[in-house]
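[1] Below: sequence and its predicted model.
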Amino acid sequence: MSLTTTLIFLALALAVMVFTGWRGARPPDPLKGPRMMPWRFLMVGSAAIAMLLLIHLATLFGAERAPWIPGA
């Protein structure tokens, strides 16, 4: 994956993380009923994807794998 594609996906993952964090932090409204979207789970998932993209970005800039990681 190229640098441009990685940066686009990273920006998208960060935007999703911020949006779902904002939605998950809102107080519940019993009159509307239960929340049907797992906002906090989606926030953690997008944060994990952003972390993987940051690691990929580091390897694009020349970071090397540790010697104990198989497949290097």
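    Yep, it's here. Numbers count the residues shown, from 1 in each chain.
[2] where does the chain dip in pLDDT?
    By pLDDT under 70, the weakly predicted segments of the chain are 69, 71-72.
[3] mind listing the helices in it by residue range?
    3-25, 39-60 (DSSP state H).
[4] I'd like those laid out as JSON lines, including distance to W68.
    All C-beta spots, glycine's among them, are computed from the backbone N, C-alpha and C. Listed next are the helices of the chain as JSON lines, based on distance: least, Cβ to Cβ, whole Å:
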{"stretch": "helix 3-25", "distance to W68": "25"}
{"stretch": "helix 39-60", "distance to W68": "16"}
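[5] Looking at those, which is nearest to P67?
    Closest approach to P67 among these (Cβ to Cβ): helix 39-60, 14.9 Å.
[6] What are the buried residues along stretch 34-51?
    For stretch 34-51, a neighbour-count test (16 or more other Cβ atoms under 10 Å) marks W39, L42, M43, S46, A47, I49, A50 as buried.
[7] can you pull the contacts of the nearest residue to the fifth one once chain neighbours are set aside?
    It stands for A47. Of all residues not flanking A47 in the chain, M17 sits nearest, at 5.2 Å (Cβ to Cβ, 6 or more residues apart in numbering). With contact set as Cβ atoms under 8 Å, 6 or more residues apart in numbering, M17 has these partners: M43, S46, A47, A50.
[8] Which member of those residues is positioned nearest L3?
    L3 lies nearest to A50 out of the contacts of M17, by Cβ to Cβ, at 16.0 Å.
[9] ok, now how distant is the closest one from G62?
    Separation of A50 from G62 (Cβ to Cβ, to the nearest Å) stands at 20 Å.
[10] Return the alpha-carbon coordinates of stretch 23-40 using PDB.
    What follows is stretch 23-40, C-alpha atoms only, in PDB (Å, rounded to 0.1, in the frame of the first residue of the first chain):
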ATOM      1  CA  ARG A  23     -21.600   9.400  19.900                       C
ATOM      2  CA  GLY A  24     -20.700   6.900  22.600                       C
ATOM      3  CA  ALA A  25     -20.100   9.600  25.200                       C
ATOM      4  CA  ARG A  26     -23.500  11.100  24.900                       C
ATOM      5  CA  PRO A  27     -25.900  10.500  27.800                       C
ATOM      6  CA  PRO A  28     -28.600   7.900  27.200                       C
ATOM      7  CA  ASP A  29     -32.100   9.000  26.300                       C
ATOM      8  CA  PRO A  30     -34.700   6.600  27.700                       C
ATOM      9  CA  LEU A  31     -37.500   8.200  25.600                       C
ATOM     10  CA  LYS A  32     -35.800   7.200  22.400                       C
ATOM     11  CA  GLY A  33     -35.200   3.700  23.500                       C
ATOM     12  CA  PRO A  34     -32.000   1.700  23.700                       C
ATOM     13  CA  ARG A  35     -29.000   2.400  21.500                       C
ATOM     14  CA  MET A  36     -28.800   0.000  18.600                       C
ATOM     15  CA  MET A  37     -25.200   0.900  17.600                       C
ATOM     16  CA  PRO A  38     -22.300  -0.300  19.700                       C
ATOM     17  CA  TRP A  39     -20.500   3.100  19.500                       C
ATOM     18  CA  ARG A  40     -17.800   2.300  22.000                       C
END
